[in-house]
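In: requesting a structural model of the entry that follows:
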Amino acid sequence: MKKIISLFVMLFIINMAFAQDIEEEKKAIQKVIQISYVEGLQNEGNLEKIDQGIHPDFVLLGIGEGETMWKLPIDKWKEKTVKKLEEGKLPRKDKPVTIKFLSIDITGTAAVAKIEFYVGEKLTYIDYISLYKFEGKWKMVNKIFYKLPA
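Out: From the prediction side, this is the model:
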């Protein structure tokens, strides 16, 4: 009986440690997305923040006219960001982008975050951001999205 109780105690301790690790990983993912995507890319146009959490091979994927797929690599997105800075469209002064995390799913060194994307108060997109963990740090590698009807 003592062996069974000891086994349950050990399993409970291991489960608690695993749950704490997952929560820490989720917090790290939330931080990367907030700093690099929301602040760096969307609101400030801060290339340093973008580079902190977005992998150089990141690709935004979308569906265009006639349901054709299009791709926007991060280097091209950053070029558009620089242009917005030059035009005075960034940093955003009115209607900043905010997000709400709906879920984060982690398996090993791979993760997907589902978020609501707001422009000002308006819910505009549902984003699905894929991440990998490189040398102990989470990096965004891909994004797909659904644009809500206007």
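
In: contacting residues around the closest residue to residue 25 other than its chain neighbours?
Out: For residue 25, ignoring the flanking residues on the chain, the nearest one in space by C-beta to C-beta, 6 or more residues apart in numbering is residue 106 at 5.4 Å. C-betas here are computed from N, CA, C, even on glycine. With contacts defined as C-beta atoms under 8 Å, 6 or more residues apart in numbering, the neighbours of residue 106 are 22, 25-26, 29.

In: how near is residue 106 to residue 130?
Out: 11 Å (C-beta to C-beta, to the nearest Å).

In: for residue 114, same thing?
Out: Distance from residue 114 to residue 130, by C-beta to C-beta: 11 Å.

In: what's the answer for residue 112, then?
Out: From residue 112 to residue 130 the distance is 5 Å (C-beta to C-beta).

In: next: residue 105.
Out: Counting by C-beta to C-beta - residue 105 and residue 130 are separated by 10 Å.

In: common neighbours of the two, please.
Out: In contact with both residue 105 and residue 130: 111-112, using C-beta under 8 Å, 6+ apart.

In: more neighbours, the two?
Out: Neighbours around residue 105 and residue 130, counted as other C-beta atoms under 10 Å, are more numerous at residue 130. The numbers are 17 against 10.

In: pLDDT below threshold where in this structure?
Out: 1, 5-19 (pLDDT under 70).

In: A strand includes the residue nearest to residue 25, no?
Out: Yes - judged by DSSP: H, G, I helix; E, B strand; the rest coil, residue 106 forms part of a strand.

In: all good on my end, thank you.
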